[in-house]
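Visitor: what's the 3D shape of this:
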Amino acid sequence: MNRPWMPFYVADYLADTMHLTAEQHGAYLLLIMHYWRKGGLPANADANAMQMQAICKLDADAYEGAKPLLRAFFDVVDGDWKHKRIDAELAKSTEISGKRRLAAKKRHGANAGANAMQMQTQPQSQSHKVVSNETTNARTREPSPVEREFAEFWESWPHKVGKPAALAKFKAARQSADFETIMAGVRRYVRDKPQDRPWLNPATFLNQQRWNDRPAETGPPVQRAWRGQETAAEIGRRMLLELKNEQTGGNSGNHSNLVRLPIGGTG
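Guide: Residues are numbered from 1 along each chain as shown. Model (predicted):
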């Protein structure tokens, strides 16, 4: 039987054990805890020194020295060590557990009878409804066509954030645009998005109907005079080149070669 706790009467214990050393206290406590868990000590404990040493966590010499004191707490019957107080507590614990099991069985039987009576008196139509609801809940709901379309949209979108909001906006978007138009816009956006721009949230893309975007195509710049993301080395080379042009080109007073330093990363 599993006994998760043991009754321990501190005042009684101290009154009986004031003459023990700390080591002997530990040995006696280990013995009574083993007794409680196993229902007793090993058979013929008087002669079974090795097992008793293992329970007490004592070596042979320490056990032999403590044995007379420890043995005095037990009644020795044919070599077996019996503890009257623990035997009484074990009997009480067994009796209480038995009463609790019997009460639980009675409650279970009463509940089972009440449930059976309720099922017998329940109208047929209601009983059928309960079974039907349980069957419906047990099945996995099939996704709707628009939810299957959204699954494809979600798989194609690189920046997967805010899925519930995106699903709601997708359903709204499908009221004004067909699926292929939206997906064509997604593919165009993924292909053409500038690398220095953050990804749109999918809900924002759908809510703003960005599948209709047609960004203007820009050709290569004619002259790279300024760029907000220049490195320090690029800025230094550009400044030296412009200063050299001023000195060699005779453009004193010409402000077209004015050097502009970046402030806060913008031009």
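
Visitor: can you list the low-confidence ranges for the stretch 1-150 of the chain?
Guide: Flagging of the stretch 1-150 of the chain using pLDDT under 70 yields the residue ranges 1, 112-139.

Visitor: hey, where'd the strands end up in it?
Guide: Counting by DSSP state E, counting those that start in this stretch, residue ranges of the strands within the stretch 1-150 of the chain are 75-77, 80-82.

Visitor: adding mean neighbour count and distance to E95, write the ones you listed out as a markdown table.
Guide: From N, CA and C alone the C-beta is placed, and that goes for glycine too. Formatted as a markdown table, the strands of the stretch 1-150 of the chain follow (neighbours: other CB atoms under 10 Å; distance: least, CB to CB, whole Å):
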| stretch | mean neighbour count | distance to E95 |
| --- | --- | --- |
| strand 75-77 | 10 | 22 |
| strand 80-82 | 18 | 19 |
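
Visitor: Throw those into TSV and include distance to E23, thanks.
Guide: Listed next are the strands of the stretch 1-150 of the chain as TSV, based on distance: least, CB to CB, whole Å:
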stretch	distance to E23
strand 75-77	22
strand 80-82	19
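
Visitor: to Q195, which of those lies closest?
Guide: strand 80-82 (83.1 Å; CB to CB).

Visitor: now do the closest one: distance to the chain's middle.
Guide: Computed by CA atoms, centre = their mean, to the nearest Å, the chain-centroid distance of strand 80-82 equals 50 Å.

Visitor: and for that strand, what are the contacting residues?
Guide: With contacts defined as CB atoms under 8 Å, 6 or more residues apart in numbering, strand 80-82 is touched by G40, L41, A43, N44, A45, D46, R71, F74, D75, V76.

Visitor: these two touch, right, the fifth one and G79?
Guide: What that stands for is A45. Yes - at 6.8 Å, A45 and G79 qualify as touching, with contact defined as CB atoms under 8 Å.

Visitor: what about these two, which has more around it?
Guide: Using other CB atoms under 10 Å, the more surrounded residue of A45 and G79 is A45, with 22 against 11.

Visitor: could I get the contacting residues of the more buried one?
Guide: By CB under 8 Å, 6+ apart, the residues touching A45 are Q51, M52, G79, D80, W81.

Visitor: count of neighbours near S97?
Guide: Applying other CB under 10 Å, we find 13 residues neighbouring S97.

Visitor: swap in L90?
Guide: Counted with other CB under 10 Å, the neighbours of L90 add up to 18.

Visitor: grab the nearest non-local neighbour of it.
Guide: Leaving aside its sequence neighbours, L90 sits nearest to G39 (CB to CB, 6 or more residues apart in numbering; 6.4 Å).

Visitor: out of the contacts of strand 80-82, the closest to F205 would be?
Guide: G40 (75.7 Å).

Visitor: how much space between that closest one and R238?
Guide: G40 is 95 Å from R238, where distance means CB to CB, to the nearest Å.

Visitor: do the same with D12
Guide: According to CB to CB, D12 and R238 sit 94 Å apart.

Visitor: and for E89?
Guide: 93 Å.

Visitor: now swap in R85 and tell me
Guide: For R85, the distance to R238 equals 96 Å [CB to CB].

Visitor: JSON lines for the contacts of A45, including distance to G65?
Guide: Below are the contacts of A45 laid out as JSON lines (distance: CB to CB, whole Å):
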{"residue": "Q51", "distance to G65": "18"}
{"residue": "M52", "distance to G65": "13"}
{"residue": "G79", "distance to G65": "20"}
{"residue": "D80", "distance to G65": "22"}
{"residue": "W81", "distance to G65": "17"}
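
Visitor: for D213, what are its contacts?
Guide: If you count contacts by CB under 8 Å, 6+ apart, D213 has them with G185, R188, Y189.
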